[in-house]
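Student: okay, predicted coordinates and the sequence, questions at the end:
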Amino acid sequence: MKIVLIGLGSIGLRHLRNLIYLGYEQVSVVSRSGILPEEFSTLTAYSSLPDALSSSTFDAAIVCTPTSFHVASVSILLEAKIPNIYIEKPVSHNLEQVDDLLALAASYNNHIVVGYDLHFDPGMKKVKELLAKNTIGNVVSVNAQVGQYLPDWRPNEDYRNGMSAKKETGGGVMLDLVHEFDYLLWLLGPAKKIACQYTNTGALQIETEDVCDVLIRFGNGATGTIHLDYLQQKLVRNCLITGYNGTITWNLAESKVTWINNEKQVEEYDYKGFERNDRFIEIMNAFIENKNDGRLTSLQQGVESLKLVVAAKHSAETDCFVHLDQFKLQALAQ
């Protein structure tokens, strides 16, 4: 299989190393410099995607550019009718041209995946299974939170110059930590209404929002909250799901899922030893080898989580609840 990888930032490097680990040797890389690190010196490098596509044919493409460049890169790939496309999450930083992207994607038979790797976390998979078995009965509420100190994300770089810190590249805690919006849709189904408050506290000297709180009403009647921040000194990522007959708690930082029923019986699933990079290996392998893996996120599903973030931002900026059906119609008309 011939693969082209576009963008060689931190996530691009991760995917490239994982592809080589999985045994894929025919990988070309598009990087602005056109120069690759020594460890990849045997691979072919291009300075632009059009150059790569005019020089060779590819079976798959992996888009790892900054978020605000995703639509441009994916559009070029779709126009070239690349059969398999992997897009790092989120699909874009706004809804502009997303409908054009969907129309292009519908113009030929393809396999497009958005990189929501948390679906491949064993704990998240266990939560999905417990809900499918109706372990805690009808879900009434869900509370998700994630926080991690932004300067710790890439300690060898100045975070103030990175994608997360800048509006033009699609940074900010809401798009960076869009996993929470995505996995709640994956677990509970479509959302009906959303409200949000976000802020730039000034503590990090960045352009983008660093704290966000969201309130959601789901179509099944459940309510939900999401808290996101760049400020917590120790990683916190967890989710509490409450049902008629019990609760489920997923704790990524502790690699553990616990659940309790209405008779106060507690069970635990511990998956310590599963490394973070294992998620990326599994999702990449599933993308290339297993097109029917239910953990993979389609382009349409990826657009739904992006719409939820955009609607949340709209709520904060207009100080009102957003009814998502109406908002989607308005967004499609723009």
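Tutor: Nice, I can see it.

Student: what about residue 307, how many neighbours?
Tutor: 22 (other CB atoms under 10 Å). In short, each C-beta sits where N, CA and C put it, glycine included.

Student: tell me which element it falls in.
Tutor: Counting by DSSP states H and E, the element that carries residue 307 is helix 299-318.

Student: pull the residues that contact that helix.
Tutor: The contact list for helix 299-318 (CB atoms under 8 Å, 6 or more residues apart in numbering) reads 87, 89-92, 94-95, 98, 101-102, 105, 112-114, 116, 174-175, 178, 181-182, 185-186, 190-191, 194-198, 212, 214, 216, 321-322, 324, 327-328, 331.

Student: mind redoing it with 7 Å?
Tutor: Here helix 299-318 makes contact (CB atoms under 7 Å, 6 or more residues apart in numbering) with 87, 89-92, 94-95, 98, 102, 105, 112, 114, 174-175, 178, 181-182, 185, 191, 194-198, 214, 321-322, 324, 327-328, 331.

Student: partners of whatever helix or strand comes next after that helix in the sheet?
Tutor: Proceeding N to C from helix 299-318, the next assigned helix or strand is strand 322-323, under DSSP H and E. Strand pairing for strand 322-323, determined by DSSP bridges: strand 191-199 (antiparallel).

Student: list the buried residues in the strand it pairs with.
Tutor: Residues of strand 191-199 classed as buried by neighbour count (16 or more other CB atoms under 10 Å): 191, 193, 194, 195, 196, 198.

Student: I'd like those residues laid out as JSON lines, including distance to residue 56 and pLDDT.
Tutor: As requested, those are exported to JSON lines (distance: CB to CB, whole Å; pLDDT from 0 to 100):
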{"residue": "191", "distance to residue 56": "42", "pLDDT": "97"}
{"residue": "193", "distance to residue 56": "48", "pLDDT": "97"}
{"residue": "194", "distance to residue 56": "44", "pLDDT": "98"}
{"residue": "195", "distance to residue 56": "48", "pLDDT": "98"}
{"residue": "196", "distance to residue 56": "44", "pLDDT": "98"}
{"residue": "198", "distance to residue 56": "43", "pLDDT": "98"}
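
Student: ok, residue 115 - contacts?
Tutor: Counted by CB under 7 Å, 6+ apart, residue 115 has contacts 86, 87, 88, 89, 283.
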